[in-house]
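Asker: next input, structure requested:
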Amino acid sequence: MYKQLRVAIIGVGKMGEAIVAGLIASNRCMSEYIVCYDISAERREYMRKIYGVKCFDKPSEDLKNVDMVFISVKPKDVPIVLSDIVPYLDRSSVLISVAAGVSLSYLRKYIPKPIPIVRIMPNLACMIREGMIAYSAEYAIDPDIERNIVDMLSLLGRVVKIDEQYMDVVTALVGSGPAYVAFVIEALADAGVRLGIPKDLAITMAAQTVLGASKLILDKRIHPAILRDMVATPGGTTVEGLLVLEENAVKSAFIHAISRAATKASELHLQS
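Answerer: You can find the predicted model right below:
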């Protein structure tokens, strides 16, 4: 039997909630082992009611008993949150920051050694344990501790390690990605509705098509262009549709969207 993880989540907005939901769904971190903190009374009550977790308005003694502490607040709120939690942190705990634009070096100014610090960029699919999580760690992090962190994050989805310099791009691609994919699914479904398919059915078919295509690319390890060519037979219907997408520079629009989002992420940086 696996040891139950003890986790604290500071800030239970949409991303904080997704982490809570995913951990509980994994059965490695039951609700009684999770403690949450949020300044919103409405969010605290919601988390207690929906997930059965303890939820407080400010750091408490419960922080001393956790294995990992997630910081999931807005970048501007990070300094005061870090200052508030330091007195309660156990030196065996690990700090995991979800805050966009907040560097490892900035976090280290507030968090004393030897508490390890990891910076991550997940997405909302962590809620169903299908998230994409990119992480950066300090150079000197203990390999065993890093493995434990990766094992825990893997409960929420697929995990990759990246150089911290790419975190703004990952924020745009991974963190914002579900919104762009939802936009594509909505567009596909709207096309189906325009041509007579009932809306609910069109959404289901569009979403499942995106899911199936994604699993083919990941499970079979094929390049997206290969899958595209597998479907687009010469002179067929798919080629006609792809031609319209190319004429309207859809790929270019996505590239520019990610670039703009990455630039915005860089503007959130707190000075180290």
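Asker: contacts for the top helix by length along the chain next, please.
Answerer: Taking DSSP state H as the criterion, the chain has its longest helix at helix 199-219. Applying Cβ atoms under 8 Å, 6 or more residues apart in numbering, the external contacts of helix 199-219 come out as 181, 184-186, 188-193, 197, 222-224, 227. The way it works is simple: take the backbone N, C-alpha and C, and place the C-beta from them, glycine included.
Asker: of the residues you listed, closest to residue 71?
Answerer: residue 181 (26.2 Å; Cβ to Cβ).
Asker: quick one: buried residues of stretch 152-161?
Answerer: For stretch 152-161, the neighbour count (16 or more other Cβ atoms under 10 Å) marks 152-153, 155-157, 159 as buried.
Asker: over to stretch 227-241?
Answerer: Buried residues in stretch 227-241 (16+ other Cβ under 10 Å): residue 232.
Asker: repeat that for stretch 189-203.
Answerer: Buried, per 16+ other Cβ under 10 Å, within stretch 189-203: 189, 192-193, 197, 202-203.
Asker: likewise stretch 76-92?
Answerer: 78, 81-82, 85, 88-89.
Asker: CA atoms of that stretch as CSV?
Answerer: C-alpha atoms of stretch 76-92 as CSV (Å, rounded to 0.1, in the frame of the first residue of the first chain):
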residue,chain,number,x,y,z
LYS,A,76,1.6,39.8,-7.0
ASP,A,77,0.5,37.8,-3.9
VAL,A,78,3.5,35.5,-3.8
PRO,A,79,5.8,37.7,-1.5
ILE,A,80,3.3,38.1,1.3
VAL,A,81,2.2,34.4,1.1
LEU,A,82,5.8,33.3,1.3
SER,A,83,6.5,35.5,4.3
ASP,A,84,3.4,34.2,6.0
ILE,A,85,4.2,30.5,5.5
VAL,A,86,7.9,30.4,6.4
PRO,A,87,7.3,30.2,10.2
TYR,A,88,5.2,27.1,9.7
LEU,A,89,7.3,25.2,7.1
ASP,A,90,8.9,22.0,8.2
ARG,A,91,12.4,21.5,6.9
SER,A,92,11.4,18.2,5.4
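Asker: now tabulate the buried residues of stretch 189-203 in JSON lines and tack on distance to residue 111.
Answerer: Output for the buried residues of stretch 189-203, formatted as JSON lines (distance: Cβ to Cβ, whole Å):
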{"residue": "189", "distance to residue 111": "45"}
{"residue": "192", "distance to residue 111": "50"}
{"residue": "193", "distance to residue 111": "51"}
{"residue": "197", "distance to residue 111": "53"}
{"residue": "202", "distance to residue 111": "49"}
{"residue": "203", "distance to residue 111": "44"}
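Asker: residue 22: which of these is nearest?
Answerer: residue 203 (23.5 Å).
Asker: measure that closest one to residue 92 for me?
Answerer: According to Cβ to Cβ, to the nearest Å, residue 203 stands 46 Å off from residue 92.
Asker: can you check residue 260 too?
Answerer: From residue 260 to residue 92 the distance is 41 Å (Cβ to Cβ).
Asker: go on, residue 201?
Answerer: 52 Å.
Asker: also residue 124?
Answerer: The value you get for residue 124 to residue 92, if Cβ to Cβ is used, is 30 Å.
Asker: please apply the same query to residue 198.
Answerer: 55 Å.
Asker: residue boundaries of the helices in the chain?
Answerer: Going by DSSP H, the chain shows helices at 14-26, 41-51, 78-85, 104-110, 143-153, 167-170, 177-194, 199-219, 224-231, 237-247, 250-266.
Asker: and the first one, what does it pack against?
Answerer: Applying 3 or more Cβ pairs under 8 Å, 6 or more residues apart in numbering; DSSP states H and E, we find helix 14-26 packed against strand 7-10, strand 34-37, helix 41-51.
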